[in-house]
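A.B. asks: with the input below, show me the fold.
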Amino acid sequence: MAAPFAAWFLWRAWARRNGREPGATPWAWLFAAAGVLLALSLMATAIFHTDTRGQTYVPGEVGPDGRVTEGRYETR
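C.D. replies: Got it, this is the predicted structure:
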């Protein structure tokens, strides 16, 4: 979400150093772009994240030899 703001402010700093006046900050456009990026990231999470309903999480454990086992999901 911070990418549009960072890009704008970096571009504005570059423009000022090169003698251009960038004008007023387009707050509405920056917030709209951040909202679009947020929506896309939420959709990507919903699409690419595996569904773990119906499974039980078994956390990792430290064995007697000091090794740590990975956490995993097991079917109920």
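A.B. asks: quick one: the strands in this structure?
C.D. replies: 55-58, 72-75 (DSSP state E).
A.B. asks: what's the average pLDDT for the single longest helix found in the chain?
C.D. replies: If you go by DSSP state H, the chain has its longest helix at helix 27-48. Helix 27-48 carries an average pLDDT of 96.
A.B. asks: for the most centrally placed residue in the chain, give me its contacts.
C.D. replies: In the chain, the residue lying closest to the centroid (CA atoms, centre = their mean) is S41, at 6.5 Å. With contact set as CB atoms under 8 Å, 6 or more residues apart in numbering, S41 has no partners. C-beta: built from backbone N, CA, C; applies to glycine.
A.B. asks: for P64, see how far away it is.
C.D. replies: When distance is defined by CB to CB, to the nearest Å, S41 is 42 Å away from P64.
A.B. asks: confidence score at the residue nearest to Y57 when sequence neighbours are not counted?
C.D. replies: Leaving aside its sequence neighbours, Y57 sits nearest to Y73 (CB to CB, 6 or more residues apart in numbering; 5.7 Å). For Y73, the model assigns a pLDDT of 93.
A.B. asks: can you tell me how far the nearest residue to Q55 once chain neighbours are set aside sits from T25?
C.D. replies: Computed as CB to CB, 6+ apart, the closest residue to Q55 that is not its neighbour in sequence is Y73, at 4.2 Å. Going from Y73 to T25 by CB to CB gives 46 Å.
A.B. asks: between the strands of the chain, which one is nearest to R16?
C.D. replies: Closest to R16 of the strands of the chain, according to CB to CB: strand 55-58, at 51.7 Å.
A.B. asks: partners of the closest one, with directions?
C.D. replies: Applying DSSP bridges to the sheet, strand 55-58 is found paired with strand 72-75 (antiparallel).
A.B. asks: now the partner strand: how far from the chain's centre is it?
C.D. replies: The chain centre lies 26 Å from the centre of strand 72-75; the measure is CA atoms, centre = their mean, to the nearest Å.
A.B. asks: same deal with stretch 34-51?
C.D. replies: Remark: stretch 34-51 is offset 9 Å from the chain centroid, using CA atoms, centre = their mean.
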